[in-house]
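Chemist: Any chance you can model this:
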Amino acid sequence: SFLDKPIIDSLRQLAAKQGRKEWLLGRQGGGYEKCALQIRVKGKPTIGSLVDSELVSEHVYRSLCLITSTATQSDQAYNYMIQDLPSAEGSDSYFLRCGAGISVPPHTDPSMAGLEHHRLNVLLSTDHKGGDVFIAGDRINWEVGDALIFRPDNQLHEVLEVTSGDRLIWSVGCIIPAPG
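Modeler: This next block holds a predicted model:
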């Protein structure tokens, strides 16, 4: 599991605290809802600024490192990796919620020319049925706390209909310059 139970519980509690007006309809026409979590960091993120932000803990920092392919298990590499992180303006964090009867049709999320969109999604809910995720035609098998890392700008992805309960995801993304 990418996140342990106390962090998952904290994220669930944070999602539950969001008021109705904080949840907006997603843009893919399937009826899912999203709730933006603001990254209150100016300029390049640092370990301290991310931990002090509203995004729960250093897991955000590690998530951004993972999705920009600069991850390492060594804490000593933090100072090196922090230089390669996108600015706060190019990063986002959302809760994504799909209730019963909701699906997200196959789509990509195009980026502007010369940029790449990287995303890390973590499954938080246990009380839903359905809502299977497919990326590039492959069904993704994941459990609560597992992370899914993908490129939504160039990988076709979809969510099948949720048949009961609410499917809750924590999603961290960034837009970075394409190599070359």
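Chemist: which helices and strands does the longest strand along the chain pack with?
Modeler: Longest strand in the chain, counting residues (DSSP state E): strand 167-177. Strand 167-177 makes packing contacts with helix 5-17, helix 59-67, strand 91-98, strand 115-123 when contacts are defined by 3 or more CB pairs under 8 Å, 6 or more residues apart in numbering; DSSP states H and E. C-beta: built from backbone N, CA, C; applies to glycine.
Chemist: Adding mean pLDDT and mean neighbour count, write these out as CSV.
Modeler: What follows is the helices and strands packed on strand 167-177, written out as CSV (pLDDT from 0 to 100; neighbours: other CB atoms under 10 Å):
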stretch, mean pLDDT, mean neighbour count
helix 5-17, 84, 14
helix 59-67, 52, 23
strand 91-98, 85, 22
strand 115-123, 88, 21
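Chemist: nearest to N154, of these?
Modeler: The closest of the helices and strands packed on strand 167-177 to N154 is strand 115-123. By CB to CB, the value is 8.1 Å.
Chemist: hmm, who's touching the closest one?
Modeler: Counting by CB atoms under 8 Å, 6 or more residues apart in numbering, strand 115-123 makes contact with 2-3, 8, 11, 63, 66-68, 96, 109, 111, 142-153, 167-178, all of which sit outside it.
Chemist: quick one on the thing from earlier: and the longest strand of the chain with strand 91-98, angle?
Modeler: 150 degrees (axes from the mean of the first three to the mean of the last three CA atoms, to 10 degrees).
Chemist: Name every strand pairing with strand 167-177 and say which way it goes.
Modeler: Strands that pair with strand 167-177, judged by DSSP bridges, come out as strand 91-98 (antiparallel), strand 115-123 (antiparallel).
Chemist: tell me the angle the first one makes with helix 5-17.
Modeler: Computed with the same axes, to 10 degrees, the direction of strand 91-98 lies at 80 degrees from that of helix 5-17.
Chemist: The longest one now?
Modeler: An angle of 100 degrees separates the directions of strand 115-123 and helix 5-17 when computed by the same axes, to 10 degrees.
Chemist: Only the C-alpha atoms, please, for strand 115-123, written as PDB.
Modeler: Provided in PDB are the C-alpha atoms of strand 115-123 (Å, rounded to 0.1, in the frame of the first residue of the first chain):
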ATOM      1  CA  LEU A 115       4.100  19.900 -21.500                       C
ATOM      2  CA  GLU A 116       3.300  16.500 -19.900                       C
ATOM      3  CA  HIS A 117       0.500  15.800 -17.400                       C
ATOM      4  CA  HIS A 118       1.500  13.300 -14.700                       C
ATOM      5  CA  ARG A 119      -1.000  12.000 -12.100                       C
ATOM      6  CA  LEU A 120      -0.900   9.900  -9.000                       C
ATOM      7  CA  ASN A 121      -4.300   8.600  -7.800                       C
ATOM      8  CA  VAL A 122      -4.800   6.800  -4.400                       C
ATOM      9  CA  LEU A 123      -8.000   4.800  -3.700                       C
END
